[in-house]
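# Sequence plus the predicted model coming up.
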Amino acid sequence: KAGVTQTPRYLIKTRGQQVTLSCSPISGHRSVSWYQQTPGQGLQFLFEYFSETQRNKGNFPGRFSGRQFSNSRSEMNVSTLELGDSALYLCASSLDGVNEQFFGPGTRLTVL
Amino acid sequence: KQEVTQIPAALSVPEGENLVLNCSFTDSAIYNLQWFRQDPGKGLTSLLLIQSSQREQTSGRLNASLDKSSGRSTLYIAASQPGDSATYLCAVATNSNYQLIWGAGTKLIIKP
């Protein structure tokens, strides 16, 4: 069974640009969650999608948005990038959002 | 508000020792608790998941216990090996908001 895949793995952008990250969950999983990980703040929850609906959102500015498609693949978008957005972005897949979470390898975003 | 704490923040032990990592949480109304491992710059690997109705789970040299009443979980690693060196994170899930609440992690170094 294929695991969670995230693309791209590495990304370098400059301030003010926007970026789109993609996550493909494990087949059959309908929940996708996104997390930001930084050395100073640890893991912080961005949002969770289930069957194309956002069920929960963390405390991030509106520049961070996401969506989920009918095949459960999810994208997150960050507009008007800031230096502080440099982080490892992780997505997690699960059957229903509360049971076991499986993580992808992450996308390392660097904002210059 | 649920808070998760992991102590110690870092631990260094000689190879072959048995060790215990601790995780505590403030609200006992959890759905499950999950232990993860993270290697530097990488994603998260799920190690063990304990449902709220369970007391422990085992996988190979790993054993995780859960005591909801006291708000504690421990991860026991038997006969540690240098390959066990990583950061270990615990996270709790509630069935109300579809997100994991994370501890800050314990950085484990196993010395050959």
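The structure has been received and is ready for your questions. Residues are numbered from 1 along each chain as shown, chains lettered A, B, ... in the order given.
# Backbone torsions only: list them for residue A:36.
Per-residue torsions, residue A:36: phi -110, psi 130 (degrees, to the nearest 10).
# quick one: contacts for it?
A:43, A:44, A:46, A:60, A:87, A:88, A:89, A:90 (CB atoms under 8 Å, 6 or more residues apart in numbering or on different chains). All C-beta spots, glycine's among them, are computed from the backbone N, C-alpha and C.
# looking at chain B, which helix or strand is least sure?
strand B:100-102 (a mean of 92; mean pLDDT, DSSP states H and E).
# Which residues does that one contact?
Under CB under 8 Å, 6+ apart, the answer for strand B:100-102 is A:33, A:35, A:42-43, A:45, A:92, A:101, B:2-4, B:25, B:34, B:89-94.
# follow-up on the earlier one: ok, and of the contacts of residue A:36, which contact chain B?
The residues of the contacts of residue A:36 that also fall near chain B, by CB under 8 Å from any CB of the partner chain, are A:43, A:88, A:90.
# Pick the one among those residues closest to residue A:10.
Distance to residue A:10, by CB to CB, is smallest for residue A:88 among the ones next to chain B among the contacts of residue A:36, at 10.2 Å.
# That closest one against residue A:104, yeah?
No. Residue A:88 is not in contact with residue A:104 according to CB atoms under 8 Å; the separation is 10.6 Å.
# Looking at these two, which one has more neighbours?
For residue A:88 versus residue A:104, the count of surrounding residues by other CB atoms under 10 Å in any protein chain shown is larger for residue A:104: 24 against 19.
# Residue 79: neighbouring residues, count only.
This is for chain A. When counting by other CB under 10 Å, one arrives at 14 neighbours for residue A:79.
# wait, chain B
Other residues within reach of residue B:79, judged by other CB under 10 Å, total 11.
# Test my guess that it contacts residue B:19.
No. Applying CB under 8 Å as the test, residue B:79 and residue B:19 come out as separate, 9.9 Å apart.
# Can you list the residue ranges for strands in the chain?
I'll assume chain A. A:5-7, A:10-13, A:19-24, A:31-38, A:42-50, A:53-57, A:64-68, A:74-78, A:87-94, A:102-103, A:107-111 (DSSP state E).
# meant chain B, my bad for not saying
Taking DSSP E as the test, the strands found in chain B are B:4-7, B:10-14, B:19-25, B:32-38, B:44-51, B:56-59, B:62-67, B:72-77, B:86-93, B:100-102, B:106-111.
# pLDDT below threshold where in chain A?
Under the criterion pLDDT under 70, the flagged ranges of chain A are A:1.
# Contact partners for residue 78?
Assuming you mean chain A. Contact analysis of residue A:78 by CB under 8 Å, 6+ apart lists A:18, A:19, A:21, A:63, A:64, A:65, A:85, A:109.
# look at chain B instead
Counted by CB under 8 Å, 6+ apart, residue B:78 has contacts B:18, B:61, B:62, B:63.
# ok, 10 Å please
B:16, B:17, B:18, B:19, B:60, B:61, B:62, B:63 (CB atoms under 10 Å, 6 or more residues apart in numbering or on different chains).
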